[in-house]
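1. 3D model of this:
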Amino acid sequence: MIEELQKYRQKGNFLFRPSSKLAEVCNAPANSSGVFAIYALERGRVNLVFVGISGKEGPEATIIHNKGGMKAKIVTGKQFGGFCRNTWPMRMKLENIDALEIHWFVTYGGMEKDFPRNLEIDILTKHQEQFGRLPRWNTEI
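-> As a prediction, this is how the structure comes out:
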């Protein structure tokens, strides 16, 4: 688990299996921005494979929330050349991943005012320093 995200009060997680419908299992909020971390459950091990965000910094230090918030970013987002709801199950089969455990953290919404991108950069930089590479589904910082 990513320690620096534990301080956020609004957080949650859900499990996604290749046979699941992402829109049904995703419990991330539709009105906030933040960071999500995806862990692969594979061969009895748990590995961080991706760190993503929803929302970006706008003019004058304001937030621009994705339409539909974090939930929409996860459910209708794109990765590996298509919608995650389609490409994640294919990738999971290809990589022999039993399930994905997605943890989400509201970092900008309500009382929280931390921009997701700044946190993402920090997390990915620390991961790269510790392991010599980014999580395997992240391609750049």
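
2. ok, which stretches of this structure are strands?
-> With strands called from DSSP state E, the chain shows them at 11-16, 33-42, 45-54, 56-57, 63-64, 78-79, 82-83, 99-109, 112-113.

3. now the fifth one: mean pLDDT?
-> Mean pLDDT, strand 63-64: 90.

4. Tell me the gap between it and the middle of its chain.
-> Computed by Cα atoms, centre = their mean, to the nearest Å, the chain-centroid distance of strand 63-64 equals 18 Å.

5. Show me what it is packed against.
-> Judged by 3 or more Cβ pairs under 8 Å, 6 or more residues apart in numbering; DSSP states H and E, strand 63-64 is in contact with strand 56-57. (Each C-beta comes from the backbone N, C-alpha and C, glycine too.)

6. and I2, which of the strands of the chain is closest to it?
-> Proximity to I2 (Cβ to Cβ) singles out strand 33-42 among the strands of the chain, at 5.5 Å.

7. on contacts alone, who are the packing partners of the closest one?
-> Against strand 33-42 (3+ Cβ pairs under 8 Å, 6+ apart) you get strand 45-54, helix 69-76, strand 99-109, helix 116-131.

8. Output the ones you listed as CSV; include the columns mean neighbour count and distance to V35.
-> Below are those laid out as CSV (neighbours: other Cβ atoms under 10 Å; distance: least, Cβ to Cβ, whole Å):
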stretch, mean neighbour count, distance to V35
strand 45-54, 18, 5
helix 69-76, 22, 9
strand 99-109, 23, 5
helix 116-131, 15, 5
